[in-house]
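Trainee: I'd like to go over a predicted model; first the sequence, then the structure.
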Amino acid sequence: MATQPVNKTVHTFDKARLEALLNRRFFYAPAFEIYGGVAGLYDYGPPGSSLQANIIAEWRRHFIIHDHMLELDTTIMTPATVFETSGHVARFADWMVKDTQTGDVLRADHLVRNVLEARLASDREARGNAEHPANENDKKKKKKNVKNTPVRLDDDKVKEYERTLAQMDNFSGPELGELCREHGIRNPDTDNEVGEPQQFNLMFASSIGPTGQHPGYLRPETAQGHFLNFSRLLEFNNGRVPFASAQIGRSFRNEISPRAGLLRVREFTMGEIEHFVDPNDKRHPRFSEYRHVVLSMLDRNVQLQGLSTVTPMTIGEAVDKGIVANETLGYFLGRIQLFLVHIGIDPKRLRFRQHMGNEMAHYATDCWDAEIENATGWTECVGCADRAAYDLSVHAARTGHALVVREALKEPVVSEREVAEFNKKALGQKLGRDGGVVQKIVGEMDQRGLERVKDALLAHGSATISADGREITLTPDLVTIQRKTFKQSIREFTPNVIEPSFGFGRILYTLLEHSFWSREQDIERGVLSLPPVVAPTKVLIVPLSAKEEFDPLVRQVSTQLRKAGVFSRVDDSNTSIGKRYARNDELGTPFGITIDFACMSLTERDTTEQLIGPIDDVIAVVTDLVQGTLDWSTARQRLLVYDGVQAVD
């Protein structure tokens, strides 16, 4: 007998119902709630903490262990000079606008996006094309609030809004201000006008030391810790590239107006990988294993046309066509896709969007975001950038510490080049302080410049160079330029960096949305279909009765599961078995074991199908199911299918 299919879409997704479940079951909640809370700060409860820990554990297995990455744990508090050098102090900012009457602060791009999307949604409803039919509560609200009356837009205006939204991430601050004026965009909460966009740096400033003599910041990302430790990492890896370092840790961003739950917070856990690679060879030795992985891709050229049409394409084809810059970047895009789908993200609601010119980070040469669709739209959950040599170069220049790779060449390279030699004594006597200026200018000349000076000295007995608007005359007694032969046995270079960066809170929330549904026979029975690999609790143990004679058997089953490394939970409350299972459906528990003296039954969460068998057989099967070495269809072959009916009252 085949397993009966489950209709998970019979009820329209209801975000309010999901949020009520997450709050009731304490997946997460506003931090400092009894003090009124602070926007953008959240505490995770037991199921949320376990879910995040399981996602992170799987991330470590999928990336760190799979690719033998070097794991780091660097400090959160960072001296200001580090972020001044990296460019974060000058550039790590978003554009904000203020309500001209109340002073309320809004993030400019979010304001424009939300208002235009709301107008398009209103237009669709006016045309009878609403995505979801209005329920009774919505209808009552509309009767009370005239502003909710659907408004139909001109066709040209619809196209204009759609083009604007497709390019939203490419607009500068002044352009966002122009959009507000052009489209009459006001603060939706007050209907007041907003002022001109201003830049707001997102880092939390602090100080180090009792007198505050050392200014610092809470890190907005973990990446700088990798770069500052590059020399030690390189030595640990026997002086060879490519290699990757990885870090999981807390980061902090002082978001302008965090209003989207876990999707926009001020403190969050992230995982970052820095893959150091030869700039002349960005191939990846294992790329061929993942060429076949298909991604839904939205490249920058499509966006610049005002479109948001994705193209399914193998990552191999994308690299071959130059859509993705190189094999190593493509390798990580493919691995990111596999990871997200493995932990339960719906692949139909996952896309990879390429950054456009204006939104590209100051350090990046190519960047793609893994965006996951949810009730608020498409949200960036993973960024994957080619940071080139920017970070290592600027930190080396600031500190004088060479952050380079020295590679012994198999065959020495013989070359010839012009070299300037200075008579420092004569320079000082004849030119005084200008002697140092001459050494700096001539010493930094390229080969063409040196050849011009050499030719002038040989032809005319003198040459002139410009310094601060002045002409300085050089003669052969001050400087000579000769062609010399060099034999190079060591190649020295600054590696480039490919960086995948993961926001675990965003991944966790979108996973919860993708997993949530209600049972066909009862919309109030919500279910989280979390995969066993990340589910907070793997197995629910349900004694058929609360009688004491069941206790030894419950302890035996619990102990055997614990020894097998399977996290289980006992529910011996006095409520019915059906209600006990319903409570754990809300927690995403994939399997349940009902204990009776005669036998044990194993229940699968989504289908509620039951299998029966002896204790040892059931425990062996559920252990294999949790570890992913067995699927339910195979489990049905190892145990008997129970032909009774589970209580669902």
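Mentor: Sure, I can see it.
Trainee: what's around residue 29, how many residues?
Mentor: Residue 29 has 14 neighbouring residues, counting by other Cβ atoms under 10 Å. C-beta: built from backbone N, CA, C; applies to glycine.
Trainee: got it, and the one 4 residues further on?
Mentor: By the measure other Cβ under 10 Å, the count of residues near residue 33 is 11.
Trainee: Ramachandran angles for it?
Mentor: The phi and psi values for residue 33, taken as degrees, to the nearest 10, are phi -60, psi -40.
Trainee: Can you tell me what sits against the longest helix along the chain?
Mentor: Criterion DSSP state H: the longest helix present in the chain is helix 108-126. Residues from elsewhere that reach helix 108-126 (Cβ atoms under 8 Å, 6 or more residues apart in numbering): 94-97, 130-131, 134, 150-153, 158, 161-162, 164-165, 168-169, 171, 173, 176-177, 179-180, 183, 185-188, 194, 197, 257, 377.
Trainee: how near is the nearest residue to residue 276 once chain neighbours are set aside to residue 641?
Mentor: For residue 276, the nearest residue in space outside its immediate sequence neighbours is residue 495; the separation is 4.3 Å by Cβ to Cβ, 6 or more residues apart in numbering. Residue 495 is 57 Å from residue 641, where distance means Cβ to Cβ, to the nearest Å.
Trainee: which of those two has more neighbours?
Mentor: Using other Cβ under 10 Å, the more surrounded residue of residue 495 and residue 641 is residue 495, with 21 against 13.
Trainee: got a list of what the more buried one touches?
Mentor: Residue 495 makes contacts with 241, 242, 276, 277, 278, 279, 389, 392, 404, 405, as judged by Cβ under 8 Å, 6+ apart.
Trainee: cool, residue 499 as well?
Mentor: Residues near residue 499 by Cβ under 8 Å, 6+ apart: 223, 272, 273, 274, 275, 383, 384, 385, 386, 387.
Trainee: Can you flag the buried ones in the contacts of residue 495?
Mentor: Among these, those classed as buried by 16 or more other Cβ atoms under 10 Å are 241, 242, 276, 277, 278, 389, 392, 404, 405.
Trainee: The closest residue in space to the second one that isn't next to it in sequence: what's it in contact with?
Mentor: Once flanking residues are discounted, residue 242 sits nearest to residue 277: 4.4 Å by Cβ to Cβ, 6+ apart. The neighbourhood of residue 277, defined by Cβ under 8 Å, 6+ apart, consists of 241, 242, 328, 495, 496, 497, 498.
Trainee: on that earlier part again, just name the closest of the contacts of residue 495 to residue 233, please.
Mentor: Distances from residue 233 to the contacts of residue 495, taken as Cβ to Cβ, are shortest for residue 276 (7.8 Å).
Trainee: measure residue 156 to residue 170 for me?
Mentor: 21 Å.
Trainee: Compare the two (neighbour count), which wins?
Mentor: residue 170 (16 against 8).
Trainee: Tell me the pLDDT of that one.
Mentor: If you check residue 170, the pLDDT there is 85.
Trainee: coming back round to it: relative to residue 67, how far out is the residue nearest to residue 242?
Mentor: In terms of Cβ to Cβ, residue 277 sits 13 Å off from residue 67.
Trainee: ditto for residue 401
Mentor: For residue 401, the distance to residue 67 - Cβ to Cβ - is 27 Å.
Trainee: quick one, which of these two is more surrounded?
Mentor: residue 67 (17 against 12).
Trainee: what ranges do the strands span in the stretch 101-250 of the chain?
Mentor: Ranges of strands in the stretch 101-250 of the chain, per DSSP state E, counting those that start in this stretch, are 105-107, 198-201, 204-208, 214-218, 243-252.
Trainee: Tell me the helices and strands packed up against the longest strand along the chain.
Mentor: Counting by DSSP state E, the longest strand found in the chain is strand 405-422. Contacts defined by 3 or more Cβ pairs under 8 Å, 6 or more residues apart in numbering; DSSP states H and E place strand 405-422 against helix 434-443, helix 447-460, strand 479-493.
Trainee: Pull the residues that contact the helix or strand that comes right after it.
Mentor: Next in sequence after strand 405-422, counting helices and strands by DSSP states H and E, comes helix 424-431. Identification of contacts with helix 424-431 by Cβ under 8 Å, 6+ apart yields 435, 437, 438, 439, 472, 477, 478, 479.
Trainee: One more: stretch 463-479?
Mentor: 420-423, 426-427, 430-431, 434, 437-438, 441-442, 452-453, 456-457, 461-462.
Trainee: Show me which of these are buried.
Mentor: 420, 422-423, 427, 430-431, 434, 437-438, 441-442, 453, 456-457.
Trainee: Of these, which is the nearest to residue 302?
Mentor: For the buried ones among the contacts of stretch 463-479, the nearest to residue 302 is residue 441 (47.8 Å; Cβ to Cβ).
Trainee: check contacts around that closest one.
Mentor: 465, 467.
Trainee: heads up, I number from 18, so please use that
Mentor: Noted, 18 is the first residue going forward, which turns the last one into residue 458.
Trainee: For the chain, which helix or strand comes out least confident on mean pLDDT?
Mentor: helix 153-161 (a mean of 44; mean pLDDT, DSSP states H and E).
Trainee: so who does the most centrally placed residue in the chain touch?
Mentor: The residue lying closest to the centre of the chain (Cα atoms, centre = their mean) is residue 399, at 2.5 Å. Counting by Cβ under 8 Å, 6+ apart, residue 399 touches 353, 357, 386, 387, 517, 518, 519, 520, 524.
Trainee: Now intersect the residues you listed with the helices, please.
Mentor: 353, 357, 524.
Trainee: sec struct for residue 543, please.
Mentor: Here residue 543 is strand, with the state taken from DSSP: H, G, I helix; E, B strand; the rest coil.
Trainee: Now do it against residue 593, distance only.
Mentor: 18 Å.
Trainee: ok, the two, which is more surrounded?
Mentor: Under the criterion of other Cβ under 10 Å, the comparison of residue 543 against residue 593 puts residue 543 first, with 22 against 12.
Trainee: Thought residue 33 was touching that one, still the case?
Mentor: No. At 11.5 Å, residue 543 and residue 33 do not qualify as touching, with contact defined as Cβ atoms under 8 Å.
Trainee: Could you tell me which other helices and strands the host helix or strand of residue 412 packs against?
Mentor: Assigned by DSSP H and E, residue 412 falls within helix 407-416. Where contact means 3+ Cβ pairs under 8 Å, 6+ apart, helix 407-416 is packed against helix 97-103, helix 240-245.
Trainee: State the pair within the contacts of residue 399 that is farthest apart.
Mentor: The largest separation in the contacts of residue 399, counting by Cβ to Cβ, is between 357 and 518 at 13.8 Å.
Trainee: if we can go back for a sec, any chance of the strands of the stretch 118-267 of the chain in CSV, with mean pLDDT too?
Mentor: Putting the strands of the stretch 118-267 of the chain into CSV (pLDDT from 0 to 100) gives the following:
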stretch, mean pLDDT
strand 122-124, 92
strand 215-218, 91
strand 221-225, 94
strand 231-235, 94
strand 260-269, 98
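Trainee: Could I get the full set of helices for the stretch 18-167 of the chain?
Mentor: 32-41, 63-76, 97-103, 105-108, 125-143, 153-161 (DSSP state H, counting those that start in this stretch).
Trainee: Tell me which of those helices lies nearest to residue 580.
Mentor: That would be helix 63-76 among the helices of the stretch 18-167 of the chain, by Cβ to Cβ, at 19.2 Å.
Trainee: Which residues does the closest one contact?
Mentor: Against helix 63-76 from outside (Cβ under 8 Å, 6+ apart): 39, 42-45, 61, 265, 286, 288, 356, 359-360, 519, 521-522, 524-525, 528-529, 547, 550-554, 584, 604-605.
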